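Engineer: pasting the sequence and the predicted model now:
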Amino acid sequence: SKHTGANPFVTMPKVRKSGSRNPELIRGLTALSAAQASKKNGKWRFTGKGTARSAKPAAAPAKAQKYYPADDVPFPLNRRFTPKSAKLRASITPGTVLILLSGRHRGKRVVFLQQLPSGLLLVTGPYKVNGVPLRRVNQRYVIATSAKVDVSGVSVPATVTDAFFKRPATKSKNSEGEFFNAEEAAVEISGDRKDLQKGVDTSILKGLDATMKKYLGARFSLTNGQAPHNMKF
C-alpha cells in the first residue's frame, strides 16, 4: 500500500455530533460564543431566580429650585468617627526620659509617668531639678531617649486626670475699652497642687544620683554639624 503521510498509530479525537444550535467544530471550540448562544436560546430574558427581567423605569430628573436661600444653610455631616486614645509608642515606657520639642519648656528633659485617657502623656521635671511641673504633652512633640528613671515607687493620685489640667473660664472682653484697660490677673497656684507636685517629685528624687540630676537639668540643643537623625538618644 502507498504511504499517505498520516501516522497510522495516532487516532484523531472524534468530534461530538448533535442537533445542538451551537455545534462543536473541534474539541473545545463551538461555533458560537457564550454570549451569542445565550442570546440565541433566549436565556438572557431570565435572571438568576428564574423571573423575567423587567426594565426599570428611568428616574425623573430632579426639579430645579425656584428660589435659593441667601445664606448658606449648615447641615450635619455623616461622620462615623469614634474618638479613641492614641496608641503609646513602644519606646515610651514609665520612667523614660523625654525631650520636649514644643511649648514653653521646649528643649528640657522630663520623666514620663503615665498616659492619660485622652492619649496625652503625663510628665514631670521634676520641678526642683529643671522647673517643669506636672503637665500634659503630646507624644508627637517628644523624643524618647534610652535613659530611664525608676518610678516604681511613684504613686500618681487618681485626681490627676485630663480634667485636673482644665483652666478656669475667663470673662471675655467685649468692648475695646475693656480690652486695653483690663489687667492680666496673676495666676495663683493652689496649695493642694503644690503639695501634689511635691509628693510626686519626692519619690522620683530619691532614685536620682548626681549625674542623672545634671542630665535632667541640662537643656537639649544642637550645634553646627550635628544631625539629629544620626544621633542615638
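Structural biologist: Thanks, I have it.

Engineer: so what's Val142 bridging to?
Structural biologist: Bridge pairing for Val142 (DSSP bridges) gives the partners Leu100.

Engineer: read off the pLDDT value for it.
Structural biologist: pLDDT recorded at Val142 is 94.

Engineer: list the buried ones in the longest helix belonging to the chain?
Structural biologist: Criterion DSSP state H: the longest helix present in the chain is helix 191-205. Within helix 191-205, the residues scored as buried using 16 or more other CB atoms under 10 Å are Leu196, Gln197, Val200, Asp201, Ser203, Ile204. (Glycine included, C-beta is placed from N, CA and C.)

Engineer: whichever helix or strand comes after it packs against which elements?
Structural biologist: Downstream of helix 191-205, the next assigned helix or strand under DSSP states H and E is helix 210-217. Applying 3 or more CB pairs under 8 Å, 6 or more residues apart in numbering; DSSP states H and E, one finds that helix 210-217 makes contact with strand 109-115, helix 127-130.

Engineer: mind listing what the following helix or strand past the longest one pairs with, with the direction of each?
Structural biologist: Spelled out, that is strand 109-115. Counting by DSSP H and E, the element after strand 109-115 in chain order, helix or strand, is strand 121-124. Sheet pairing of strand 121-124 (DSSP bridges) gives strand 109-115 (antiparallel), strand 135-137 (antiparallel).

Engineer: out of the ones you listed, which is the most enclosed?
Structural biologist: Among these, ranked by average contacts under mean count of other CB atoms under 10 Å, first place goes to strand 109-115 (a mean of 22).

Engineer: at the geometric centre of this protein, which residue do we find?
Structural biologist: Centre of the chain computed as the mean C-alpha position; nearest residue by CA atoms, centre = their mean is Ala86, 7.5 Å away.

Engineer: so where does that one fall, helix or strand?
Structural biologist: Here Ala86 is covered by no helix or strand, with elements defined by DSSP H and E.

Engineer: cool, and Pro83?
Structural biologist: Pro83 belongs to no helix or strand, assigned by DSSP H and E.

Engineer: what about it, distance to Lys108?
Structural biologist: Distance of Pro83 to Lys108, given as CB to CB, to the nearest Å: 30 Å.

Engineer: who has more neighbours, those two?
Structural biologist: Lys108 (21 against 7; other CB atoms under 10 Å).

Engineer: which regions of this structure sit below the pLDDT cut-off?
Structural biologist: Within the chain, the stretches with pLDDT under 70 are 1-19, 44, 46-55, 171-186.

Engineer: again, only using 90
Structural biologist: For the chain, applying pLDDT under 90 flags the ranges 1-86, 125, 152-155, 157, 159, 164-194, 206-207, 221-233.
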